[in-house]
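*Asks:* show me the folded form of this:
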Amino acid sequence: MNRDHINELAEQQAERRQNLYHGLRTDRTHIEVNKHPFEIVFEYRDGFDLDKFVERFSPVLNKYDYIVGDWGFEQLRLKGFFKDETKDVQRSQTIGSVQDYLYEYCNFGCAYFILKNERVIKPKRTSHPRKDEHRTNKRDNQTSRGRSNRSSSRSKQRRRGNHKSFTTKQKAAPFTEKQRRPAKVKANSGNQAKTTKQTSGKRHFTIRQK
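*Replies:* Model (predicted):
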């Protein structure tokens, strides 16, 4: 894409934008773009051009407190800045750092201007859950899942323990006492009283008779 084609596209875009935005200069330092008021607070080397500003203007700039325009290679560039006391913005985005911006990003000795936005329009914020709420909900869900897993594990252990005791533990047989007659022993046989173990685990005493 050669430079002539780029210039042609830029001219076509400028023609389309002329029907979208209209600029009006109310006095030496005040202008309006589609009835939105701005004030020229600083101008260096006659840098402000109303027609060129309207060509480059975008409604996104309405949220900034200041608009800085600088020239480079016959092209106008616009950048928005917030007030110095604005919270939750970086210093590079505040008007107090405009000199740093001009030194670092603009051509040396270029023409530029600074406009003050007299009716700042803040964009509407969409409702999203805060990060800390999301972390809390996530932590609660993890805790609930952990408790559920532990409860399930304990239930399984109880079921396993009950099943084991049911299958391995044998019911003890009821105790019965059997009467046994003493064995007859011949006199003077020299036999002593003997103790013998029965298979049932009970002891049987044989008493020597005199």
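*Asks:* which strand is the longest one in the protein?
*Replies:* strand 36-44 (DSSP state E).
*Asks:* following the helix or strand containing residue 52, which helix or strand comes up?
*Replies:* Secondary structure from DSSP states H and E places residue 52 in helix 50-56. Downstream of helix 50-56, the next assigned helix or strand under DSSP H and E is strand 66-72.
*Asks:* my guess is residue 56 meets residue 76, correct?
*Replies:* Yes: counting by Cβ atoms under 8 Å, residue 56 touches residue 76, with 5.2 Å between them. For the C-beta atoms, the positions are set from N, CA and C on the backbone; glycine is no exception.
*Asks:* identify the contacts common to these two.
*Replies:* residue 69 (Cβ atoms under 8 Å, 6 or more residues apart in numbering).
*Asks:* thinking residue 76 is in contact with residue 50, fair?
*Replies:* No: with contact defined as Cβ under 8 Å, residue 76 does not reach residue 50; the gap is 11.2 Å.
*Asks:* before we move on, which element is residue 119 in?
*Replies:* If you go by DSSP H and E, residue 119 is not part of any helix or strand.
*Asks:* hey, where'd the helices end up in the protein?
*Replies:* 3-18, 50-56, 98-105, 131-168 (DSSP state H).
*Asks:* which helix or strand in this protein has the lowest average pLDDT?
*Replies:* None of the helices or strands of the chain scores lower by mean pLDDT, DSSP states H and E than strand 194-197, at a mean of 48.
*Asks:* where among the helices of the chain is the average confidence lowest?
*Replies:* Among the helices of the chain, helix 131-168 carries the lowest mean pLDDT, a mean of 59.
*Asks:* the more surrounded of residue 76 and residue 50?
*Replies:* Set residue 76 next to residue 50 and count neighbours by other Cβ atoms under 10 Å: residue 76 wins out with 18 against 14.
*Asks:* identify the bridge partners of that one.
*Replies:* Residue 76 has these beta-bridge partners by DSSP bridges: residue 71.
*Asks:* residue 70: neighbour count?
*Replies:* For residue 70, the neighbour count with other Cβ under 10 Å is 21.
*Asks:* specify the beta-bridge partners of the closest residue in space to it that isn't next to it in sequence.
*Replies:* Nearest residue to residue 70 in three dimensions, chain neighbours excluded: residue 112, at 4.0 Å (Cβ to Cβ, 6 or more residues apart in numbering). Listed by DSSP bridges, the beta-bridge partners for residue 112 are residue 44, residue 70.
*Asks:* confidence score at residue 112?
*Replies:* So residue 112 comes in at 97 (pLDDT).
*Asks:* please verify my assumption that it contacts residue 102.
*Replies:* Yes: counting by Cβ under 8 Å, residue 102 is a contact partner of residue 112 at 6.6 Å.
*Asks:* picking that back up, buried ones in the helix holding residue 52, by neighbour count?
*Replies:* 52, 53, 54, 55, 56 (16 or more other Cβ atoms under 10 Å).
*Asks:* fine, thanks again, bye for now.
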